[in-house]
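K.L.:
following is a predicted model, sequence given first.
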Amino acid sequence: MKFFVDTAEIEPIKELAATGLLDGVTTNPSLIHKSGRDFMEVTKEICGIVDGPVSAEVVALDHETMMKEAEVLRKIADNVCIKVPLTVDGLKTCKALTGDGTMVNVTLCFSANQALLAAKAGATFVSPFVGRHDDNGFDGMDLIEDIRLIYDNYNFGTEILVASVRHVTHVLESAKIGADVMTAPPKVIMDLFKHVLTEKGIEGFLKDWAATGQSII
Ligand code: G3P
């Protein structure tokens, strides 16, 4: 499973990229607002840190203006992935952009039928929002299971990018289901490394090592 980080903050992106485990970045207008940075400038900077896809979202609601915005965004770097909402105009834009080889992430997906439409529109990625699905009384992971089943039934190439990930269990469940990608805030990715027994084990080994009086280097 590929790991994307869901942020527009440069420092955590650099920190995660340095682990060698980061495959891409996703942003959205709210994350750009939170960063306080200029959209074009910060997107260009992120594209220079990671080799993988960097999602940058259009804000227009009509197809024609979405295409104009996408034209500006895709000039930022070769690894920009245009993010469009799951609407009729968004999917029209998706079809047009992927048709000429541009990566597209179809976002704000909340049903398996919507995911089916995104795949038919040739989306590179579809982003089902599991956390927001949970918040509204549904089970986000059931949605991922349904999309996996449908995509496998028809061998769709669209990658399932689990978004709105709130905790490590969302990551675990996504991997068990066979989602292609997950995008999570930096803290959730850092939490994946942690286990109390790992910390306790290191503490014990270091105590005993110190007692040997030896050194490796
Ligand atoms: O980037 C889209 C998605 O991951 C947003 O997550 O936590 O705002 O629901 P959240």
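P.N.:
Received, thanks.

K.L.:
let me know the helix or strand that the residue positioned nearest the centre of the chain is in.
P.N.:
Residue closest to the average C-alpha location in the chain (CA atoms, centre = their mean): T183, at 3.0 Å. According to DSSP states H and E, T183 maps onto strand 181-184.

K.L.:
just the strands in this protein please.
P.N.:
With DSSP state E as the criterion, the chain has strands at 2-6, 24-26, 54-57, 80-85, 104-109, 125-128, 159-162, 181-184.

K.L.:
now render those as CSV, adding mean pLDDT.
P.N.:
Formatted as CSV, the strands of the chain follow (pLDDT from 0 to 100):
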stretch, mean pLDDT
strand 2-6, 98
strand 24-26, 98
strand 54-57, 98
strand 80-85, 98
strand 104-109, 98
strand 125-128, 98
strand 159-162, 98
strand 181-184, 98
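
K.L.:
kindly reformat those strands as TSV and extend each row with distance to E203.
P.N.:
Every residue, glycine included, has its C-beta placed from N, CA and C. Formatted as TSV, those follow (distance: least, CB to CB, whole Å):
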stretch	distance to E203
strand 2-6	28
strand 24-26	34
strand 54-57	39
strand 80-85	42
strand 104-109	42
strand 125-128	40
strand 159-162	34
strand 181-184	28
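
K.L.:
enumerate the residues of the protein near the ligand.
P.N.:
Within the chain, the positions near the ligand by CB under 6 Å from any ligand atom are D6, T26, N28, F129, G131, R132, A163, S164, T183.

K.L.:
rerun that using 8 Å as the cut-off
P.N.:
For the chain, the residues in contact with the ligand (CB under 8 Å from any ligand atom) are 6, 26-28, 30-31, 55, 107, 127, 129, 131-132, 135, 163-166, 183-185.

K.L.:
list buried members of these by neighbour count.
P.N.:
Among the residues of the chain next to the ligand, those scoring as buried are 6, 26-28, 31, 55, 107, 127, 129, 131, 163-166, 183-185 (criterion: 16 or more other CB atoms under 10 Å).

K.L.:
beta-bridge partners for the residue nearest to the centre of the chain, please?
P.N.:
F4 (DSSP bridges).

K.L.:
would you confirm that it contacts I160?
P.N.:
No - using CB atoms under 8 Å, T183 is not in contact with I160, being 11.2 Å away.

K.L.:
which other residues reach the lengthiest helix in the chain?
P.N.:
The longest helix of the chain (DSSP state H) is helix 196-212. Where contact means CB atoms under 8 Å, 6 or more residues apart in numbering, no residue beyond helix 196-212 reaches it.

K.L.:
please compute how far it lies from its chain's middle.
P.N.:
From the chain centre to the centre of helix 196-212 is a distance of 36 Å (CA atoms, centre = their mean, to the nearest Å).

K.L.:
now swap in stretch 63-74 and tell me
P.N.:
With CA atoms, centre = their mean, you get 21 Å for stretch 63-74.

K.L.:
residues contacting L172?
P.N.:
Per CB under 8 Å, 6+ apart, neighbours of L172: none.

K.L.:
contact partners for the nearest residue to F129 once chain neighbours are set aside?
P.N.:
The shortest distance from F129 to any non-neighbouring residue, by CB to CB, 6 or more residues apart in numbering, is to S164 (3.6 Å). Contacts for S164 (CB under 8 Å, 6+ apart) come out as F129, V130, G131, R132, H133, G140.
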